[in-house]
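# Need coordinates for the following:
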Amino acid sequence: MTPFEKWLVWIASGAVGASGIAYGAMKYLLRSEDPYAVVHHPWQPFFLKLHVLTAPVLVFAVGVVFTRHVVKHWQSGRVASRGSGVAIVATLIPMILSGYLIQTLTSTSWIFRVAVLHMAASATYLGGVLVHEAIARRAERRRRAKAPPVL
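Coordinates of the predicted model:
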């Protein structure tokens, strides 16, 4: 994975994750004084728009990385961080599909169910990315420690 690809995934994951957490907190945890209010915080529409606009960048970044990183490591039999990598890939489909499905549903009960799925898959994805990076860094430190010194 090139440094550009790595930064693309990290920046996109951070932007989508942070905007999603902020929007979710405002939508589900805050309550307006007006019982008929649809928006519970003035910044809620901004974070929703930011989330919806940055999510395709994350989908693109994951697609770019998939063939050059995921498939390559899977075929090589590398096992250093395979578990967290599989968890990331496994959460991508429900995370992406539920994100698009939320925007097309009209039933509030189904929107809530799909939103719960989306939040669970997204939290698993974000946790998987952090664990994957930690495992990869530890493996890289071990590999460098075993390598002969360069003179």
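
# Could you pull out the buried residues of stretch 137-151?
Residues of stretch 137-151 classed as buried by neighbour count (16 or more other Cβ atoms under 10 Å): none. C-betas here are computed from N, CA, C, even on glycine.

# How far away from the center of its chain is stretch 6-25?
7 Å (Cα atoms, centre = their mean, to the nearest Å).

# Let me know the pLDDT of Tyr28.
Looking at Tyr28, its pLDDT stands at 90.

# cool, Leu53 as well?
Per-residue pLDDT puts Leu53 at 97.

# For it, which three-state class applies?
Following DSSP: H, G, I helix; E, B strand; the rest coil, the label given to Leu53 is helix.

# which ones are touching Ala12?
54, 57-58, 60-61 (Cβ atoms under 8 Å, 6 or more residues apart in numbering).

# Which one of those residues sits in the busiest neighbourhood?
Leu58 (23 neighbours; other Cβ atoms under 10 Å).

# which ones are touching it?
Applying Cβ under 8 Å, 6+ apart, we find Leu58 in contact with 9, 12-13, 15-16.

# Strands along the protein, start to end?
Assigned by DSSP state E, the chain shows no strands.

# what are the ranges of the helices in it?
3-28, 44-65, 72-76, 82-102, 108-146 (DSSP state H).

# Which of those comes out lowest on mean pLDDT?
Lowest mean pLDDT within the helices of the chain: helix 72-76, at a mean of 71.

# count of residues packed around Phe47?
Quick note: Phe47 (other Cβ under 10 Å) scores 20 neighbours.

# Please apply the same query to Ser13.
Ser13: 21 neighbours (other Cβ under 10 Å).

# How about Met119?
16.

# Next, work out how far apart it and Trp110 are.
15 Å (Cβ to Cβ, to the nearest Å).

# and what of Ile96?
18 Å.

# quick one, which of those two is more surrounded?
Ile96 (19 against 12).

# Find the nearest non-adjacent residue to the more buried one, please.
Distance criterion Cβ to Cβ, 6 or more residues apart in numbering; nearest residue to Ile96, sequence neighbours excluded, is Val59 at 6.0 Å.

# surely that neighbour meets Met95?
No: using Cβ atoms under 8 Å, Val59 makes no contact with Met95, being 9.6 Å away.

# Looking at these two, which is more packed in?
Taking neighbours as other Cβ under 10 Å, Val59 and Met95 compare with Met95 leading, 26 against 17.
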